[in-house]
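**Q** what would the 3D arrangement of this be:
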Amino acid sequence: MMTDHDPIENRDAIYPGLPRNIKEALEGPDADKWYHAYDKMIRAFEANKTWRPMRKKDVPHGTPSFDLGTTLSKKRGTGLEKIRVHVNGQRINNERARRDGDAPAEASTEHYRSSSPVASYESLCCQVAYAAATGQVLLQDDINDFYLLTRNEEPYTARFPPGFRKYLERRYPDGIPFDIDDSVLYIEGNLWGHPDAGRIAYEEISPFLRSLGFSPSPSDDCFFIRARPYPLTSATLTLIVDDITVSSDSDDADDIMRDISNR
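**A** Numbers count the residues shown, from 1 in each chain. Prediction:
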């Protein structure tokens, strides 16, 4: 995995052939593959009304501004391209940045630690040990578009992520339908990396897991347990932001994952 802010100097040795940023990806030998991966993500944002372009002068006064980054990776075992636009965890604390959608290099920033609820190391060990002792199946997967299913509590703005202009030029060969130089992204949905995104998403999925019969452990809100007497079955589920691990009997584990995916 490589981000457009990655400081690793020998990245080519660690990530051979992986572009350094979106612009490089869309100009390289696998440009079509990267474009389709990027296009799929952007269209998901649009379908879920995650963001929309807005003229800088139309941004409501006092709207906070964040910086966006982009992560490029290839899925293990498949080689498929994967792109993720995310908040860098910096809230731009500068009135001109809020007004103009830009920030000077010397702008002060407030750094936030993510409040994403995650299962503890002890809970994960307990889950794996119990599955091994009882012969249960362990299934792990991430929830596609996990954050896109929820809305942010407070809209914010951001400059267009790196390489976005290159993407728009290819998507709209007859001309970009808005003035990208005079616009910012007005973001109302959740994006990876926003300080509150994980918490909001957890508050969305937790009641759903309860509807499936799971209850959180008294010691860990991200370690869920389900026991059924007839027939006697048990299942555990751990959450690490958008990664879910389920342990249960084979058929039951598949059913749980299917229910979550359908949600």
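**Q** from now on I want contacts and neighbour counts done on CA atoms only, so please keep to that.
**A** Will do.
**Q** how many neighbours does residue 132 have?
**A** Look at residue 132: counted by other C-alpha atoms under 10 Å, it has 13 neighbours.
**Q** my error: substitute residue 30 in the last question.
**A** Residue 30: 15 neighbours (other C-alpha under 10 Å).
**Q** so which helix or strand takes in residue 140?
**A** Assigned by DSSP states H and E, residue 140 falls within strand 137-142.
**Q** which elements pack onto that strand?
**A** Contacts defined by 3 or more C-alpha pairs under 8 Å, 6 or more residues apart in numbering; DSSP states H and E place strand 137-142 against helix 121-134, strand 243-248, helix 250-262.
**Q** show me how far it is from its chain's centre.
**A** Remark: strand 137-142 is offset 18 Å from the chain centroid, using C-alpha atoms, centre = their mean, to the nearest Å.
**Q** now stretch 196-212
**A** Distance, stretch centre to chain centre, for stretch 196-212: 15 Å (C-alpha atoms, centre = their mean).
**Q** and that stretch, which residues are buried?
**A** Buried residues in stretch 196-212, defined by neighbour count with 16 or more other C-alpha atoms under 10 Å: 196, 197, 198, 199, 200, 201, 202, 204, 205, 206, 209.
**Q** restricted to helices, list those residues.
**A** 197, 198, 199, 200, 201, 202, 204, 205, 206, 209 (DSSP state H).
**Q** and these, which is closest to residue 228?
**A** residue 209 (14.7 Å; C-alpha to C-alpha).
**Q** in contact with the closest one, which residues?
**A** Contact analysis of residue 209 by C-alpha atoms under 8 Å, 6 or more residues apart in numbering lists residue 215.
**Q** could you identify the longest helix within this structure?
**A** Ranked by residue count, the top helix of the chain under DSSP H comes out as helix 31-47.
**Q** which SSE is immediately downstream of that helix?
**A** In N-to-C order, the element after helix 31-47 by DSSP H and E is strand 51-55.
**Q** now do that next one, average pLDDT.
**A** Strand 51-55 carries an average pLDDT of 94.
**Q** again, but for stretch 155-174
**A** pLDDT averaged over stretch 155-174 gives 90.
**Q** what's the span of it, first residue to last?
**A** With C-alpha to C-alpha, to the nearest Å applied, stretch 155-174 spans 31 Å between its terminal residues.
**Q** can you pull the buried residues of it?
**A** For stretch 155-174, by 16+ other C-alpha under 10 Å, it's 155, 156, 157, 158, 159, 160, 161, 162, 163, 165, 167.
**Q** excluding chain neighbours, give the residue nearest to residue 222 in space.
**A** What sits nearest to residue 222 in space, not counting adjacent residues and going by C-alpha to C-alpha, 6 or more residues apart in numbering, is residue 119, at 4.7 Å.
**Q** nope, residue 185 is what I meant
**A** Of all residues not flanking residue 185 in the chain, residue 53 sits nearest, at 4.7 Å (C-alpha to C-alpha, 6+ apart).
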